[in-house]
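Asks: the sequence isn't on hand, but the structure is:
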């Protein structure tokens, strides 16, 4: 896999992000799709800073002690979204276990700020697990995003190895809680392949996600972001991604994106567009 990154294609968006002092997961996680998305003036915004309190071994985002929450960040995110004239925006964050609500209030303020400027925009948030705190999840729900995502990332057996501090059942509970407390908000999750998981484990995760009524699923190839990160155990053939997509769709997901370069926010607008097309 050698997707080239065109720095010239990223220039205009990089300037806007720098001027507004904003972070994106595209940059912080070394996303291979960055020039494709940035050239279309699409970015996935990263709020609550760029330092994570967890230590997932598959992730390139910096780990450590985060700074204070930037209370003006929601307004600047909204300004960026407005200038880019986005029709669908994805907001995610680092995990902030140091905050009492995990940053849920900041998510809500960001959603409100964007909606104030652009009433018809589709807002998708990719949230951390908030340690499973239902009140925190409820704060995000009350801000009424269109889609709430929480990535399952890998199979339960690999959590202690690559995702310390997280809990598979707790992540399922986050998605279940969103469905239980919301009315009409779609849920979404994502899993990476190539970390050493087995087929039967992957299919079991699909079933678990459907048991909590998860609507959308992304399936992509894990790429090690650095030599210190968890190594790639397998490069999955593209045909296998097609196979897993069919297996997932057969379980009832409304839309599944599956391919080597698929990431949870990659071509994010396609999920709801597919649902709307099916209604016609």
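Replies: Sure, I can see it. What you see is a predicted model, and the numbers here were worked out from it, not measured in a lab.
Asks: ok, residue 20 touching residue 76?
Replies: Yes: using CB atoms under 8 Å, residue 20 is in contact with residue 76, at 4.7 Å. The C-beta positions use only the backbone N, C-alpha and C, and glycine is treated the same way.
Asks: the two: which is more packed in?
Replies: Neighbour count, other CB atoms under 10 Å: between residue 20 and residue 76, residue 76 has more, with 19 against 14.
Asks: helix, strand, or coil at that one?
Replies: helix (DSSP: H, G, I helix; E, B strand; the rest coil).
Asks: and it, how far is that from residue 97?
Replies: 24 Å (CB to CB, to the nearest Å).
Asks: quick one: contacts for residue 220?
Replies: 190, 192, 193, 258, 259, 260, 261, 262, 263, 264, 266 (CB atoms under 8 Å, 6 or more residues apart in numbering).
Asks: how about the contacts made by the third one?
Replies: Right, the one you point to is residue 193. 202, 219, 220, 221, 222, 234, 236, 240, 241, 244.
Asks: in helices only, show me the residues you listed.
Replies: If you go by DSSP state H, the contacts of residue 193 have 202, 240, 241, 244 in helices.
Asks: check what pLDDT the second one gets.
Replies: Just to be clear, that refers to residue 240. Each residue has a pLDDT score; the one for residue 240 is 97.
Asks: burial of it, as a residue count?
Replies: 17.
Asks: quick check: beta-bridge partners of the nearest residue to it once chain neighbours are set aside?
Replies: Nearest residue to residue 240, sequence neighbours excluded (CB to CB, 6 or more residues apart in numbering): residue 193, at 7.7 Å. Assessed by DSSP bridges, residue 193 has beta-bridge partners residue 221.
Asks: packing partners of the host helix or strand of residue 249?
Replies: Element membership for residue 249 (DSSP states H and E) is helix 238-250. Counting contacts by 3 or more CB pairs under 8 Å, 6 or more residues apart in numbering; DSSP states H and E, helix 238-250 packs against strand 186-193, helix 199-211, strand 216-221, strand 255-258.
Asks: return a selection command, for use in PyMOL, containing the buried ones of the contacts of residue 193.
Replies: For the buried members of those, the matching PyMOL selection, counting by 16 or more other CB atoms under 10 Å, is:
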select buried, resi 202+219+220+221+222+236+240+241+244
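Asks: distance to residue 276 for the contacts of residue 193 - can I get that in TSV?
Replies: As requested, these are exported to TSV (distance: CB to CB, whole Å):
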residue	distance to residue 276
202	29
219	22
220	24
221	28
222	31
234	36
236	30
240	29
241	24
244	24
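Asks: what residues does stretch 221-228 touch?
Replies: Residues contacting stretch 221-228 (CB under 8 Å, 6+ apart): 1, 29-30, 32, 58-60, 192-195, 230-232, 235-236, 241, 259-262.
Asks: and stretch 237-247, by the same measure?
Replies: Residues outside stretch 237-247 that contact it (CB under 8 Å, 6+ apart): 193, 202, 203, 206, 219, 221, 256, 257, 258, 259, 260, 262.
Asks: recalculate using a threshold of 7 Å.
Replies: Under the criterion CB atoms under 7 Å, 6 or more residues apart in numbering, residues 202, 203, 206, 219, 256, 258, 259, 260 lie in contact with stretch 237-247.
Asks: ok, back up a step: any idea how far the residue nearest to residue 240 is from residue 233?
Replies: Counting by CB to CB, the gap from residue 193 to residue 233 is 10 Å.
Asks: how about residue 46?
Replies: Residue 46 is 27 Å from residue 233, by CB to CB.
Asks: neighbour count: the two, which is higher?
Replies: Set residue 46 next to residue 233 and count neighbours by other CB under 10 Å: residue 46 wins out with 23 against 14.
Asks: so where's the chain shaky on pLDDT?
Replies: Applying pLDDT under 70 to the chain flags the ranges 1-7, 9.
Asks: so where do the strands sit in it?
Replies: With DSSP state E as the criterion, the chain has strands at 23-24, 44-47, 51-52, 62-63, 88-93, 122-126, 147-149, 186-193, 216-221, 255-258.
Asks: can you say which of the ones you listed is nearest to residue 138?
Replies: strand 147-149 (11.3 Å; CB to CB).
Asks: show me what that closest one is packed against.
Replies: For strand 147-149, the packing partners by 3 or more CB pairs under 7 Å, 6 or more residues apart in numbering; DSSP states H and E come out as strand 122-126, strand 186-193.
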